[in-house]
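In: any chance you can model this:
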Amino acid sequence: MRALRSRWKLIPLAGAVIVAAAAVAATATARNSASPIRIAVLSDCQGAFGSFDNQDMAGVVTAMVQYAGAKAKNPNKPRDGWVGGQINGHPLKLVGIGCSNDRADTAIKETKRLMEQLKADIMIGPLSGDESIAVANYAKQHPTKTFVDGAAGAQDTTLKVRAKNFFRFNGDGAQWNAGLGDLAYNKLGWKTAAVVADDYSFAWTSAAGFVAEFCAVGGKVTKRVFPPLNTTDYSSYAQQMPTNVDGTFVAVGGAGLIPFLKAYEQAHGPIDGKKFIGNLFWGTPGQFEQLSSRVAGAYVGGAGTAGDLATPAAQAYNKMVGKVFKQIPPFGAAAPQASSTFTFGYYVNTWGLLAGLKGVKGDISGGQKKLQAAIGKVKLRTPYGPVHLDKNRQAVIPVYYQQLYLKNGKLAVKTVGYIPGVDQSFGGTFTSKTPPPGRNFPACVKRNLPWIGHTQVPKVTG
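Out: The predicted model follows:
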């Protein structure tokens, strides 16, 4: 009987051990299989900006490698994406990469495919202005999903649409051109200017920054010309450009820039670079090299970037892009392309997203409300200076502008101006109640802007 009683006493004990062991195993399994975070990217692989597709993806993947422990699938083709990467045990799964073409309807078609068919939780992108306005409106209709911009710079995206789940850690086109109007009037001596810009939301915003500032300091814009985006024959638009002005601001971008300049030369003779200021496309790595010596001496707006900045942070960022990728097609070696608005835009927006995910330890439950609140509070010390978001989830950024010059017989870019802390209101010029940038807005009026006369000279490499 004692033996029997002893046997019965041992049975519950053994059961308890088994149950306890099972509980430990279940807990370990749960920790090892945290729910994945499903991420999509929307880029342009066609249209006016299709050549920058791999720059977009290089920015995303570099940030994933640097801040989430991912690995590039192919060091010579960023569009192949990443593998690995996690936040607090939650795998960062790339569910798809959209292919747009700078058109809003295509962007929405691809967004629906990524978010509704492939079931992404979060989307990074798009690249272009009209696309971003459409995606921000889509975001409003899907508040339980989170969207961060890619590199799009249309003002309306954040100032007018104001979707609470759409975040932009890059500047808009007007912000990027801070300093250029002051430069034109007070340093170059321009009193009158003409403007030519693609006829769509980003270029309107880009031109708006120059017009607002040039007129603010006393300049007069006498002519504004707007060729449609993706124009192939610019001859009629070039002929509309006046020559009886002190200078011309050009916001024709992407695939249209070089054809426009050639048409201008055919209409008016050789270009004098000192009489031109271009927007970011004039200094974008992979594009400016194709402009040739015709534009040496021209000043160019940036995109919150400065590839020759001598700070340790800027140099480390260039090296990081070059470490993750050897090549970014079709433009060649990766590191020199780090300062492209497309590489950096997608990089800084992905970084802002990852910082928000870390803030909530990868928890995207509850309709992603905690994640969205966390992203809105993110502050980044970027390679080019501090960035934070305003109440509309739009970045307040440092701005740089450059000049094109000849170095060993080839066109090169040097950074010559720096303005910290430029916000989307552009010194109070733009609000949610003012008209959006367009063919006739802003009007040419004199006003005070806080940075006039205070542009700084940044330290750059030799």
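
In: from here on, just use CA atoms for contacts and neighbour counts.
Out: Fine.

In: count of neighbours near Tyr317?
Out: For Tyr317, the count of nearby residues is 20 (other CA atoms under 10 Å).

In: return the distance of the host helix or strand of it from the chain's centre.
Out: Using DSSP states H and E, Tyr317 sits within helix 312-324. Mean-position distance between helix 312-324 and its chain equals 17 Å (CA atoms, centre = their mean, to the nearest Å).

In: and for stretch 359-373?
Out: 23 Å.

In: for Gly307, see how far away Ala314 is.
Out: Distance from Ala314 to Gly307, counting by CA to CA, to the nearest Å: 7 Å.

In: hmm, back to that, by contact count, what packs against the helix or strand following the helix holding Tyr317?
Out: Moving toward the C-terminus from helix 312-324, the next helix or strand (DSSP H and E) is helix 341-359. If you count contacts as 3 or more CA pairs under 8 Å, 6 or more residues apart in numbering; DSSP states H and E, helix 341-359 packs onto helix 53-68, strand 86-87, strand 122-124, strand 146-148, helix 369-376, strand 379-382.

In: out of the ones you listed, which is the most enclosed?
Out: strand 146-148 (a mean of 28; mean count of other CA atoms under 10 Å).

In: please identify the pairing partners of that one and their relative orientation?
Out: Partners of strand 146-148 in the sheet, by DSSP bridges, are strand 122-124 (parallel), strand 166-167 (parallel).

In: same question for it, mean pLDDT?
Out: For strand 146-148, mean pLDDT rounds to 98.

In: look at Ala314 and Gly307 and report which has more neighbours.
Out: Ranked by neighbour count (other CA under 10 Å), Ala314 and Gly307 place Gly307 first, with 26 against 21.

In: thinking again about what came up before, list the buried residues for the helix holding Tyr317?
Out: With burial defined by 16 or more other CA atoms under 10 Å, the residues of helix 312-324 counted as buried are Ala314, Gln315, Tyr317, Asn318, Lys319, Met320, Val321, Gly322, Val324.

In: so what touches it?
Out: By CA atoms under 8 Å, 6 or more residues apart in numbering, the residues outside helix 312-324 that reach it are 58-59, 62, 65, 72, 75, 307, 309, 333-336, 338-339, 382-384.

In: and stretch 451-462, by the same measure?
Out: 179, 182, 217, 308-311, 414-419.

In: and with 6 Å instead?
Out: Asp308, Leu309, Ala310, Val416, Gly417, Tyr418, Ile419 (CA atoms under 6 Å, 6 or more residues apart in numbering).

In: C-alpha coordinates for it, CSV please?
Out: In CSV, the C-alpha atoms belonging to stretch 451-462 read as follows (Å, rounded to 0.1, in the frame of the first residue of the first chain):
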residue,chain,number,x,y,z
TRP,A,451,16.0,84.0,-43.3
ILE,A,452,16.6,86.9,-45.8
GLY,A,453,20.2,88.1,-45.4
HIS,A,454,21.0,85.2,-43.0
THR,A,455,22.0,82.4,-45.3
GLN,A,456,25.0,80.5,-43.8
VAL,A,457,28.0,79.1,-45.7
PRO,A,458,28.4,75.4,-44.8
LYS,A,459,31.7,73.6,-44.5
VAL,A,460,32.2,71.4,-47.5
THR,A,461,34.9,69.1,-48.8
GLY,A,462,37.4,70.5,-51.2
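
In: quick one: low-confidence parts of this protein?
Out: Low-confidence segments of the chain (pLDDT under 70): 1-33, 462.

In: now do the helices in it.
Out: 2-32, 53-68, 104-112, 129-141, 156, 173-176, 180-182, 201-216, 235-240, 257-268, 312-324, 341-359, 369-376 (DSSP state H).

In: next, format those as TSV and append distance to Arg447.
Out: What follows is the helices of the chain, written out as TSV (distance: least, CA to CA, whole Å):
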stretch	distance to Arg447
helix 2-32	59
helix 53-68	37
helix 104-112	34
helix 129-141	27
helix 156	22
helix 173-176	16
helix 180-182	12
helix 201-216	5
helix 235-240	29
helix 257-268	31
helix 312-324	34
helix 341-359	29
helix 369-376	31
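
In: could you export the strands paired with strand 146-148 as JSON lines, including distance to Gly256?
Out: Converted to JSON lines, the strands paired with strand 146-148 look like this (distance: least, CA to CA, whole Å):
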{"stretch": "strand 122-124", "distance to Gly256": "26"}
{"stretch": "strand 166-167", "distance to Gly256": "29"}
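
In: what's the burial count for the nearest residue to Ser425 once chain neighbours are set aside?
Out: Nearest in space to Ser425, with sequence neighbours left out and distances taken as CA to CA, 6 or more residues apart in numbering, is Thr431 at 5.9 Å. Residues near Thr431, counting by other CA under 10 Å, number 13.

In: how close does Thr431 get to Ala298?
Out: From Thr431 to Ala298 the distance is 31 Å (CA to CA).

In: Lys410 now?
Out: 14 Å.

In: run a quick neighbour tally on Ile397.
Out: By the criterion of other CA under 10 Å, Ile397 has 28 neighbours.

In: just Val245 next, same as before
Out: Look at Val245: counted by other CA under 10 Å, it has 17 neighbours.

In: mind listing what it touches?
Out: Applying CA under 6 Å, 6+ apart, the residues near Val245 are Thr192, Ala193.

In: ok, now with 10 Å
Out: Trp190, Lys191, Thr192, Ala193, Ala194, Lys220, Val221, Thr222, Lys223, Lys275 (CA atoms under 10 Å, 6 or more residues apart in numbering).

In: next one: Ala194
Out: Contacts of Ala194 by CA under 10 Å, 6+ apart are 211, 220-225, 241-250, 276.

In: same deal with Pro383?
Out: So Pro383 contacts 304-307, 309, 311-318, 339, 344, 348 (CA under 10 Å, 6+ apart).

In: on that earlier part again, nearest to Glu265, of the helices and strands packed on helix 341-359?
Out: Between Glu265 and the helices and strands packed on helix 341-359, the tightest spacing by CA to CA is seen for helix 53-68, at 29.6 Å.

In: the closest one - contacts with which helices or strands?
Out: Applying 3 or more CA pairs under 10 Å, 6 or more residues apart in numbering; DSSP states H and E, we find helix 53-68 packed against strand 37-44, strand 70-72, strand 82-84, strand 86-87, strand 90-100, helix 312-324, helix 341-359.

In: closest one of the buried residues of helix 312-324 to Asn101?
Out: Val321 (25.1 Å).

In: picking that back up, return the most buried member of the helices of the chain.
Out: helix 173-176 (a mean of 31).

In: quick one: the residue lying closest to Asn88 once chain neighbours are set aside from Lys369, how far?
Out: Distances taken as CA to CA, 6+ apart place Lys361 nearest to Asn88, at 5.4 Å, with adjacent residues excluded. Per CA to CA, Lys361 is found 13 Å from Lys369.
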